[in-house]
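A.B. asks: Need coordinates for the below:
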Amino acid sequence: MTTTTLINNEAAFPNATTCLATEAIPTALVLTQTNIMAQIEGDQPTARIAYVSVDPSADIAEEGAEINAKDPTISELVVGTQKVAVLSILSNEAYNNMNMPNMIGNSLARAIVAKADKLFLSAPAVEQGTNNKVVGLANYKGIIDGGKLDGTLDAIIDAMATISANEGTPTTIIAGYDAWAAMLKFKGGDKRALISPDVANSTTPQLFGLPVILSPHMPANTVLIVDNNELVSSVSQVKTATTSDRYFEKDSVGVRGTFRFGFGILHPNRVAKVTTA
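C.D. replies: Have a look, this model is predicted:
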């Protein structure tokens, strides 16, 4: 994400820019792990997303026989959003240094991603249904409690099986670095690590055929097994703006970045959580 440089005629050319979130903050988990369905603005409006909660059952039909109609069950998921915002104030001398606008823009992007990821993964459940606040994936009501990893990886295997039994398809494992470190220490009866060195040393590790995403913003000791086909979101564009008027007396420039998002799970029983402690 980059910000525009100062332009003398701000009335004609406002110092603001808007970028697609997928271009400005492409690594944000809400973009990589959900299906974007809507865009809304404001804390009060909500996105109402229709989906098929129960598929119709199919029958065997004899040749020439009437086929009985079976209707799917249509449900609605209500998704509220919250705005992630960051504001930095720099002296004109600092701002006018070579490449400083781009450096500040990249810094704002990292700050937005960090806050958005923390909200996406670990926002507390007490906010659910209150003022349309985002609830973190690890605290979302109705997800599978897969129990505790007790020195083996069996709980992850069982969670994957439960998701599949609920007609889901596990696609991703998301873990905090502390949980991943604990898992790397698990050893079998022969004292060998349960997770092979090839997986442990990989920059793109996989476990049971699923990509493992590591994030510092996960709740402590937590591992999520996710069917990301079930995650839907509402995201805005990333907006940045600069102003020198507000901080005129300080000979300074204000640089602001904002991003709004929310998400929900169509079938919460196709996401599971296990812990390492």
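A.B. asks: so where's the protein uncertain?
C.D. replies: For the chain, the stretches with pLDDT under 70 are 1-14, 42-45, 126-131.
A.B. asks: remind me, longest strand of it?
C.D. replies: strand 252-265 (DSSP state E).
A.B. asks: how far out from the middle of the chain is the next helix or strand after that strand?
C.D. replies: Using DSSP states H and E, the next helix or strand after strand 252-265 towards the C-terminus is strand 271-275. Strand 271-275 sits 16 Å away from the centroid of its parent chain (CA atoms, centre = their mean, to the nearest Å).
A.B. asks: what do you get for stretch 198-205?
C.D. replies: Averaged C-alpha coordinates place stretch 198-205 at 22 Å from its chain's average position (CA atoms, centre = their mean).
A.B. asks: Can you name the helix or strand that S107 falls in?
C.D. replies: With DSSP H and E as criterion, S107 is part of helix 100-122.
A.B. asks: List the buried residues of that helix.
C.D. replies: Neighbour-count burial for helix 100-122, with 16 or more other CB atoms under 10 Å as criterion, is recorded at 100-101, 104-105, 108-109, 111-122. For the C-beta atoms, the positions are set from N, CA and C on the backbone; glycine is no exception.
A.B. asks: which residues sit against that helix?
C.D. replies: 1-5, 24-25, 27-30, 33, 82, 84, 86, 88, 90, 94-95, 134, 136-139, 174, 215, 217-219, 224, 238, 240, 242, 255, 257, 259, 261, 263 (CB atoms under 8 Å, 6 or more residues apart in numbering).
A.B. asks: Can you tell me which of those residues are buried?
C.D. replies: Looking at the contacts of helix 100-122 with 16+ other CB under 10 Å, the buried ones turn out to be 1-4, 24-25, 28-30, 33, 82, 84, 86, 88, 90, 95, 134, 136-139, 174, 215, 217-219, 224, 238, 240, 242, 255, 257, 259, 261, 263.
A.B. asks: Which ones among those residues map onto strands?
C.D. replies: Per DSSP E, these map to strands at 82, 84, 86, 88, 90, 174, 224, 238, 240, 242, 255, 257, 259, 261, 263.
A.B. asks: in terms of contact, does the second one touch F261 like I think?
C.D. replies: Yes. Taking contacts as CB atoms under 8 Å, V84 lies within contact range of F261: 7.4 Å.
A.B. asks: Work out the gap between stretch 262-277 and the centre of the chain.
C.D. replies: 12 Å.
A.B. asks: how far away is the residue nearest the centre of the chain from G176?
C.D. replies: What sits nearest the mean C-alpha location of the chain, by CA atoms, centre = their mean, is V30, with 2.7 Å. V30 sits 17 Å away from G176, taking CB to CB, to the nearest Å as the criterion.
A.B. asks: hang on, the earlier thing: got the contact list for the residue nearest to the centre of the chain?
C.D. replies: A116, D117, F120, S233, V235, F261, F263.
A.B. asks: could you dump those residues to TSV with distance to S57?
C.D. replies: Below are those laid out as TSV (distance: CB to CB, whole Å):
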residue	distance to S57
A116	40
D117	39
F120	35
S233	30
V235	35
F261	36
F263	30
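A.B. asks: Pick out whichever of these sits closest to N166.
C.D. replies: Using CB to CB, F263 comes nearest to N166 of these, at 19.3 Å.
A.B. asks: before we move on, the earlier item: any idea how far the residue nearest to the centre of the chain is from I213?
C.D. replies: 13 Å.
A.B. asks: What of N106?
C.D. replies: Taking CB to CB, one finds N106 at 22 Å from I213.
A.B. asks: what does K141 give?
C.D. replies: Relative to I213, and taking CB to CB, K141 is found at 22 Å.
A.B. asks: Over to T34?
C.D. replies: 13 Å.
A.B. asks: Have a look at these two and say which one is more surrounded.
C.D. replies: Each of T34 and I213 has its neighbours counted (other CB atoms under 10 Å); T34 has more, 25 against 17.
A.B. asks: Phi first, then psi, for that one.
C.D. replies: Here is the backbone geometry of T34 (degrees, to the nearest 10): phi -130, psi 170.
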